[in-house]
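>>> Structure for the following, please:
(4 chains)
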Amino acid sequence: MTEYTSAEMMTITAARALQNGMTCFVGIGLPSEAANVARLTHAPDVTLIYESGTLQTKPDVLPLSIGDGELCESALTTVSVPEMFRYWLQGGHIDVGFLGTAQIDRFANLNTTVIAANHQETGKDGAHSYANPRVRLPGGGGAPEISTNAKEVFITVKHSKRTFVEDVDFITTIGFGRDGKGRDNLSNIGRGPSVVITDLCILKPDSATKELIVTSLHPGTTKEDVIEATGWEIKFSETLETTPTPSKKELEVLRELKARTEKAHSAKEAI
Amino acid sequence: MTEYTSAEMMTITAARALQNGMTCFVGIGLPSEAANVARLTHAPDVTLIYESGTLQTKPDVLPLSIGDGELCESALTTVSVPEMFRYWLQGGHIDVGFLGTAQIDRFANLNTTVIAANHQETGKDGAHSYANPRVRLPGGGGAPEISTNAKEVFITVKHSKRTFVEDVDFITTIGFGRDGKGRDNLSNIGRGPSVVITDLCILKPDSATKELIVTSLHPGTTKEDVIEATGWEIKFSETLETTPTPSKKELEVLRELKARTEKAHSAKEAI
Amino acid sequence: MTKFLTLKNAIAEIVKNGDTVALEGFTHLIPFAAGHEIIRQKLRDLTLIRMTPDLIYDQLVGAGCAKKLFFSWGGNPGVGSLHRVRDAIEHSYPCALEITEHSHAAMANAYEAGAAGLPLAVFRGYIGSELPLANKDISSITCPFTGEKLAAIPSIKPDVSIIHAQKADREGNVLIEGIIGVQKEVVLSAKRSIVTVEEIVDNLEVTPNACVLPAWAIDVVAVAPQGAKPSYALGYYDRDNSYYKEWDAISRNRETFNEWLQSHVLTQGDI
Amino acid sequence: MTKFLTLKNAIAEIVKNGDTVALEGFTHLIPFAAGHEIIRQKLRDLTLIRMTPDLIYDQLVGAGCAKKLFFSWGGNPGVGSLHRVRDAIEHSYPCALEITEHSHAAMANAYEAGAAGLPLAVFRGYIGSELPLANKDISSITCPFTGEKLAAIPSIKPDVSIIHAQKADREGNVLIEGIIGVQKEVVLSAKRSIVTVEEIVDNLEVTPNACVLPAWAIDVVAVAPQGAKPSYALGYYDRDNSYYKEWDAISRNRETFNEWLQSHVLTQGDI
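Residues are numbered from 1 along each chain as shown, chains lettered A, B, ... in the order given. Alright, predicted model coming up:
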């Protein structure tokens, strides 16, 4: 078996979640890496869409920003940003939104807005956190509407107690709401997060409660590792699986992609 | 003096109403003819915009339809029809909307929807006319919103008792409403019709009452001619003027334009 | 995801009796070949949506395919009336025809809202017009920030949309160029869609922001060379303005129309 | 109607202390040269609007030009925080900075509505997000047809918009190509606008539906070669991704930033 890092395991597992033929609205960073690995391996006909307006793009190197020239030059066409959000996302043409996050809670709510100064005081409402930030994060970007207008949502994020919290300090982007019922009785929105892929495991929402539970452990990861890295009393599926290891081909594609990317992004320095 | 027809007098007088540098949203037919004569004579920098999405177009022959290829091929650029109505018209970029009509009344309201079966019965409300049509006209097209979203409106139409009626059977497009007060207290809309050019005269709304009054008679036209061709007790300005005659250059441009147009539109028959 | 079908199979598979159908193309790229195939397949009880019914709907209505017409300007551009449409409205020949009437701005906004997945379109329209007396769908909303009353109408979401375009590549991505009208909107707002094209090419050869519809946003692509005649396809053939003029005589009485229908449509083979 | 000015004169004439200013460009074509000129002219108390503040607003905020920031994603793309923006928010250095925060979909819709001359934007957004707790401008309307509650926010109508584009012709018509973002919208929605361009050409040489802003929709065109660096101009130069990475260290502390400001902006001459 080829050796691989836990970061590679995460990216390749996330890539495998994408099926060939899907239209995927791609967040920058980990999601973008995973989505492009998918396109270069088992899902050559996955359609990648970035919020900069680039429709069906096939970047040769990973973009640093959501609007690198590479995305436009390799796209089928590029539309305006209002059109992207109105016609393509809100219009219902996106199968899956692929997101990262800074904080995620047991109901898959995402926080990319603020880390509160004192979470104990905040209670279950982000207003207090917003007024009393310890760390100011970048903000929502496309995520709040990707999460509700895409048919489903995949999330990929590194597993740690700081990231996996019982309740996010602020709901930038809804998973299933503070009580797990946030999507109930709402027509015209997607079904929300269907899978979360970390460097330790795969989590999926319980079909009844919508609480995230571990459905698959990555090889070499123990339940204790996950418990230790999760900020709530994490549950494990009764049919807990072991995630398949990356193939040689997948690792090769990922590593070449990252090498090409590194080279491209540092090449500019000489200019 | 060169001889000319009353139709030529009308078109050239209408053309003169357009000032160089204006952006004009052009209706098909008489307005299109007048606007292009303006562009080819005193107003080379008038910007002509057709509702088909053609921005700043310079057709060599008059279009038969609002979307002839000529309009697109000679345009600065062509935008979608939703963009045309949202950004360019409603967005406030049109100085003047240039309209024709089937019926016009004393408050410059326009009807291009239905001629009522029996106007006597209809009263001052188009609902009855709509339910009881004698003649079905094409409908509103762009006019209802051109009339309120352009900064002002020019109207050109042949003068006759059938056309110039006391009250239109149906208000497709507002002039100043059934009582002349239809634009009062409305912000965010243009000032409405500022001039009506016919084959007999020029009419303008009275600044107080908004009733159309004759401000200029075309050479050779008498007050009686206008009274006879108007369906209400038409008033004449105290400072009634005589419209200047067409110049040789204007007539030449108009006639050449019409000859080119006729040739172009019949040429296709051979194909 | 696009399938390539013959026009005959495309219509047979996608269009059903009783459907709400929009054949769009603002003067340019009107899908006449598809309309004729609908006539040949004797589809009935269609609700036909189009900003400008044009000759194509005069023909479909005259052939008895429609029970309802949804439009904003119903004439033969630059020529006169649509006689078959008028005969259906006024004398229920060959069958009764209900109408729903809007302005261009309203329909353009309603298509835009349909493409944007919204239930309503909001715009500054219908001020002072009596069309709201004739169309109960016209409502309003009040801006929560300014108190301004704005027009609101339901968005358009056809069962089936059909457009004609210049070309598709071998994956079924489609280029529309020139007067693009509401073509993108009508395809994106529809449940099912057909695009007829002049030709299939290896490469669309487009600039970055060309109006390209991705294959995955279209149900069927059918090749129909000269499929927009007597309308036109920029870069392929011109509008046959003389045909539009001749249509007036053909359509004016039932016999000449029915002869035309027999000889020019019903007895014509598949494309 | 466009005037051609030097960048120095353009900023001096168009931008005033206290203005609401939007410098847009979604990753692509960010008008850095114009931003630096605003810094050199020591404009103060600006409300800065931009979907992604990016380095350009980190620089303007760090230089003390802004009192308020209106944004939807505030990071250094792919790198990390905007340290100058955070220092202003968290420690009021060099002066206090208020923020108004939205999602991308919200801002894209608000620009679209601004360009469309509407007082509000209506979209399916903010469902389940706590951003409405942090931004009192976020309201809703109820669809009169379906009863659906939709997000409503005020449209964006800046005093001044500034964008960078590839080229203008000698009349001042401007071509924007590639990732076009909200560039058209921001110019059309603003009271006054400046477009900086790479070069002036005799002929824009465009396809029929290129994104062209007509001269009469722009106030000032200023030539600023390489005016988007370290962002990029498709067809002219690439994004300097390494610069974005280096910015992290420069901006991380006040001294290195102030040195950068001195040497790279304040002591640089006019373009």
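
>>> Show me which residues of the stretch 151-271 of chain C sit near chain D.
By CB under 8 Å from any CB of the partner chain, the part of the stretch 151-271 of chain C that sits against chain D consists of C:152, C:154, C:177-178, C:180, C:206-211, C:234. Glycine gets a C-beta too; all of them are placed from N, C-alpha and C.

>>> same question but for the stretch 1-150 of chain C, I mixed them up
Within the stretch 1-150 of chain C, the residues that sit near chain D (CB under 8 Å from any CB) are C:116-120, C:122-124, C:137, C:139-141, C:143-146, C:148, C:150.

>>> Those in strands, which ones?
Under the assignment DSSP state E, these contribute C:120, C:122-123, C:139-141, C:150 to strands.

>>> sorry, back to before: I'd like the residues of the stretch 151-271 of chain C next to chain D as TSV, with neighbour count and pLDDT appended.
What follows is those, written out as TSV (neighbours: other CB atoms under 10 Å in any protein chain shown; pLDDT from 0 to 100):
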residue	neighbour count	pLDDT
C:Ala152	26	98
C:Pro154	19	98
C:Glu177	24	98
C:Gly178	26	97
C:Ile180	28	98
C:Val206	18	95
C:Thr207	15	96
C:Pro208	19	96
C:Asn209	22	97
C:Ala210	19	97
C:Cys211	21	98
C:Leu234	21	97
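
>>> In the stretch 51-200 of chain C, what residue lies closest to chain B?
C:Gly128 (2.8 Å; CB to the nearest CB).

>>> A strand includes that residue, no?
No: checked against DSSP: H, G, I helix; E, B strand; the rest coil, C:Gly128 lies outside a strand; its state is coil.

>>> A:Val196: what's it in contact with?
A:104, A:108, A:154-157, A:202-204, A:212 (CB atoms under 8 Å, 6 or more residues apart in numbering or on different chains).

>>> Please enumerate the helices of chain A.
A:6-17, A:30-40, A:69-73, A:81-83, A:119-122, A:126-131, A:143-149, A:223-228, A:248-267 (DSSP state H).

>>> To clarify, my last question referred to the stretch 151-271 of chain C.
Counting by DSSP state H, counting those that start in this stretch, one finds helices in the stretch 151-271 of chain C at the ranges C:183-189, C:241-252, C:254-261.

>>> out of those helices, deepest packed?
Comparing these by mean neighbour count (mean count of other CB atoms under 10 Å in any protein chain shown), helix C:183-189 ranks first with a mean of 27.

>>> Run through who's touching that one.
A:87, A:91, A:93, B:80, B:82, C:22, C:24-26, C:29, C:111-112, C:114-115, C:155-158, C:161, C:163, C:165, C:176, C:193, C:195, C:211, C:213, C:217-218.

>>> Check stretch C:75-87 too.
For stretch C:75-87, using CB under 8 Å, 6+ apart, the contacting residues are B:28-29, B:63-67, B:136-139, C:27, C:52-55, C:57-59, C:61-62, C:69, C:74, C:93, C:97, C:241, C:244-245, C:247-248, C:251-254, C:257.

>>> Could you tell me which residues within that stretch count as buried?
For stretch C:75-87, the neighbour count (16 or more other CB atoms under 10 Å in any protein chain shown) marks C:75-79, C:81-87 as buried.

>>> ditto for stretch C:192-211
Quick answer for stretch C:192-211 (16+ other CB under 10 Å): C:192-198, C:204, C:206, C:208-211.

>>> restrict those to contacts with chain A.
C:206, C:208-211.

>>> Show me the two of those that sit farthest apart.
C:Pro208 and C:Cys211 (11.6 Å; CB to CB).

>>> so what sits against both of those two?
Common contact partners of C:Pro208 and C:Cys211 (CB under 8 Å, 6+ apart): A:Thr77.

>>> and the buried residues of stretch C:75-87, which two are the farthest apart?
C:Gly78 and C:Asp87 (20.9 Å).

>>> mind giving me JSON lines with the helices of chain A and columns for distance to A:Arg191, mean pLDDT and mean neighbour count?
Formatted as JSON lines, those follow (distance: least, CB to CB, whole Å; pLDDT from 0 to 100; neighbours: other CB atoms under 10 Å in any protein chain shown):
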{"stretch": "helix A:6-17", "distance to A:Arg191": "15", "mean pLDDT": "98", "mean neighbour count": "22"}
{"stretch": "helix A:30-40", "distance to A:Arg191": "18", "mean pLDDT": "96", "mean neighbour count": "25"}
{"stretch": "helix A:69-73", "distance to A:Arg191": "28", "mean pLDDT": "92", "mean neighbour count": "23"}
{"stretch": "helix A:81-83", "distance to A:Arg191": "25", "mean pLDDT": "98", "mean neighbour count": "26"}
{"stretch": "helix A:119-122", "distance to A:Arg191": "29", "mean pLDDT": "59", "mean neighbour count": "13"}
{"stretch": "helix A:126-131", "distance to A:Arg191": "23", "mean pLDDT": "91", "mean neighbour count": "20"}
{"stretch": "helix A:143-149", "distance to A:Arg191": "10", "mean pLDDT": "98", "mean neighbour count": "29"}
{"stretch": "helix A:223-228", "distance to A:Arg191": "25", "mean pLDDT": "98", "mean neighbour count": "14"}
{"stretch": "helix A:248-267", "distance to A:Arg191": "28", "mean pLDDT": "91", "mean neighbour count": "16"}
